[in-house]
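Participant: I would like the atomic coordinates for the input below:
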Amino acid sequence: MRVHLIAIGGSAMHNMALALHEKGFIVSGSDDEINEPSKTRLKNAGLLPEKIGWFPEKITSDIEAVILGMHAREDNPELVKAKELGLKIYSYPEYIYEATKDKTRVVVGGSHGKTTITAMILHVLNYHHINTDFMVGAQLEGFNTMVKLTKEAKIAIIEGDEYLASPIDRRPKFHLYKPNIAIISGIAWDHINVFPTFEIYVEQFKKFIELIEPNGTLIYCNEDNELQKVAASATNNSIHKIPYAIPKHKIENGLTILEDNQQQIPLKVFGNHNLMNINGAHLVCQTLGITDSQFYEAIQSFKGAAKRLELVESTADFSFYKDFAHSPSKLKATTSAVKHQFKNRTIIACMELHTFSSLNETFLAEYNGSMNEADEAIVYFNPHTIEHKKLKPITEQQVLSYFNRKDLQVFTDSQQLVSYLKNKHLKNHVLLMMSSGNFDGIDFKQLSTELNVN
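Facilitator: Okay, the predicted model is just below:
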């Protein structure tokens, strides 16, 4: 089969290209920008385009499927040519569904924890050598790609993002997967540029539940009040609903231990949000036929997904974590997790306003109190990023006001932030850096060697 990917350089798209190449398909693609690690990974597979840019002459009638990435625009010349030739054009999620429509599809949705829950399920299945197709939003230890599509696997685990499917398909991605088993971790307003009100955002999860296949299963976090209401109001009466919450556990000497029927299961991850994620993943695995003992045996070795409370550096008296948290609910959960895990240390929580939502003045009010559990809270944003995203400028004073913390520190220059951190005495501290970006190029590993932790 011959497949062409428009915008092949994206994080998800280049992984799709690698997965299809591994499946034996003839794969081509184009993009106007390809950065690392996509560039090297495509080159090593022989899939890197010879030239950067869009080339409609690449689009020929023998192409059986065109996959359109979100980075492309509606007037993309290759897309225009594909339409002219009447080729089959798929959005990324449409193609995932097409490749998995005859499998048992598990779709992981929610405003937070999607990647981690997906990673936990995959870790357990992989541990027990169960062949599984998947699509996940981060690079996972033990997996070569973020996408795997095979003929043989009977199960597909799919991270269900609520963002738009493609430039020509304005449906949320997770509306296209039609799960047999759906899990929702929680609902907290995000993507304000697409869903301008909380009510419109919540409506997407209601639709998602209605799209669960007949006699399917909905697993949902019962600790989330909004999600409770959404699950209760679902009119898809043939589905089975299974709620979950924080499992019984204890913390001893900085180690979180699950307690279940006299069993003591030590974990490598921590925090109430991760404990809830584990409970949700456990229920999914049960529904797939994994026993409790199989699940607990495997989950003990789960270290977390990339950038999800990922340990950068640690000494006897200091720990440095990076995390993908950027929305208010994620900030609150991650900061709280670190504070409760390290009760005798000073927690410095630093976050970057980087997404469209977080840099929107209307949305900023949602951050009220989101970093209050940190002993010291820092917010960073780059005015040039706001300009690049063509948003209305925000001020340091607005950030101070909306976060509603009098001792909050605000930085707009990443080098000044680095200097500030390097000049602090960080013995008996935990430094937590949270962003969906990278604080405009801060090298966390390098920074960890320059901090004063003695």
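
Participant: longest helix in the chain, please.
Facilitator: helix 272-287 (DSSP state H).

Participant: what's in contact with it?
Facilitator: In this structure, residues lying in contact with helix 272-287 by CB atoms under 8 Å, 6 or more residues apart in numbering are 106, 108, 112-113, 116-117, 120-121, 124-125, 181, 183, 185, 217, 219, 221, 223, 242, 244-247, 249, 256, 258, 267, 269, 292, 294-295, 299, 304, 309, 333-334, 336-337, 340. For glycine as for every other residue, the C-beta is placed from the backbone atoms N, C-alpha and C.

Participant: what do you get if the cut-off is 6 Å, keeping everything else the same?
Facilitator: By CB atoms under 6 Å, 6 or more residues apart in numbering, the residues outside helix 272-287 that reach it are 106, 113, 116-117, 120-121, 124, 181, 183, 217, 219, 221, 242, 244, 246-247, 249, 295, 333.

Participant: and for stretch 297-308?
Facilitator: By CB under 6 Å, 6+ apart, stretch 297-308 touches 115-116, 119-120, 123-124, 127, 138-139, 268-269, 322, 324.

Participant: which one (most neighbours) among these?
Facilitator: Most neighbours among the contacts of stretch 297-308, by other CB atoms under 10 Å: Ala119, with 30 neighbours.

Participant: before we move on, the earlier item: inside helices: which ones of the contacts of helix 272-287?
Facilitator: 116-117, 120-121, 124, 295, 333.

Participant: could I get those in TSV, plus columns for pLDDT and distance to Asp375?
Facilitator: Listed next are the ones in helices among the contacts of helix 272-287 as TSV, based on pLDDT from 0 to 100; distance: CB to CB, whole Å:
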residue	pLDDT	distance to Asp375
Thr116	93	25
Ile117	96	29
Met120	97	30
Ile121	98	35
Val124	98	36
Phe295	97	36
Ala333	90	17
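
Participant: so how far is the longest helix of the chain from its chain's centroid?
Facilitator: Offset of helix 272-287 from its chain centre (CA atoms, centre = their mean, to the nearest Å): 16 Å.

Participant: next one: stretch 143-152
Facilitator: 18 Å.

Participant: please renumber so the chain begins at 33
Facilitator: New numbering, starting at 33: the last item is stretch 175-184.

Participant: with just CA atoms, put it into CSV.
Facilitator: Extracted C-alpha coordinates of stretch 175-184, given in CSV (Å, rounded to 0.1, in the frame of the first residue of the first chain):
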residue,chain,number,x,y,z
PHE,A,175,8.8,1.3,22.9
ASN,A,176,10.5,2.4,19.7
THR,A,177,7.7,4.6,18.4
MET,A,178,4.6,6.5,19.7
VAL,A,179,2.5,4.6,17.1
LYS,A,180,2.2,0.9,16.3
LEU,A,181,-0.2,-0.6,13.8
THR,A,182,-0.1,-4.3,12.9
LYS,A,183,-2.3,-6.9,11.3
GLU,A,184,-1.9,-9.3,14.2
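
Participant: show residues contacting stretch 344-356.
Facilitator: With CB under 6 Å, 6+ apart, stretch 344-356 has contacts from 339-343, 366, 458-466, 468, 476, 480, 485.

Participant: helices of the stretch 183-332 of the chain, start to end?
Facilitator: Counting by DSSP state H, counting those that start in this stretch, the stretch 183-332 of the chain has helices at residues 230-242, 257-264, 304-319, 324-331.

Participant: what's the answer for the stretch 383-486 of the chain, then?
Facilitator: 393-396, 415-420, 428-435, 446-454, 476-482.

Participant: among these, which comes closest to Leu243?
Facilitator: Minimum separation from Leu243 across the helices of the stretch 383-486 of the chain (CB to CB) falls at helix 393-396, 27.1 Å.

Participant: list the buried residues of that closest one.
Facilitator: 395-396 (16 or more other CB atoms under 10 Å).

Participant: what's the mean pLDDT across that helix?
Facilitator: For helix 393-396, mean pLDDT is 90.

Participant: check what pLDDT the spatially most central residue of the chain gets.
Facilitator: Closest to where the C-alpha atoms of the chain average out (CA atoms, centre = their mean) is Thr147, at 4.4 Å. pLDDT for Thr147: 92.

Participant: would you map out the domains in the chain?
Facilitator: 34-119, 127-331, 342-482 (automatic domain parsing).

Participant: for Leu208, which non-adjacent residue is closest in space?
Facilitator: Pro125 (4.3 Å; CB to CB, 6 or more residues apart in numbering).

Participant: next up, the contacts around that neighbour.
Facilitator: 197, 205, 208.

Participant: how about Lys205?
Facilitator: So Lys205 contacts 125, 193, 197 (CB under 6 Å, 6+ apart).

Participant: and the second one, what does it touch?
Facilitator: Residues near Asp193 by CB under 6 Å, 6+ apart: Lys205.

Participant: where's it relative to Glu65, distance?
Facilitator: 21 Å (CB to CB, to the nearest Å).
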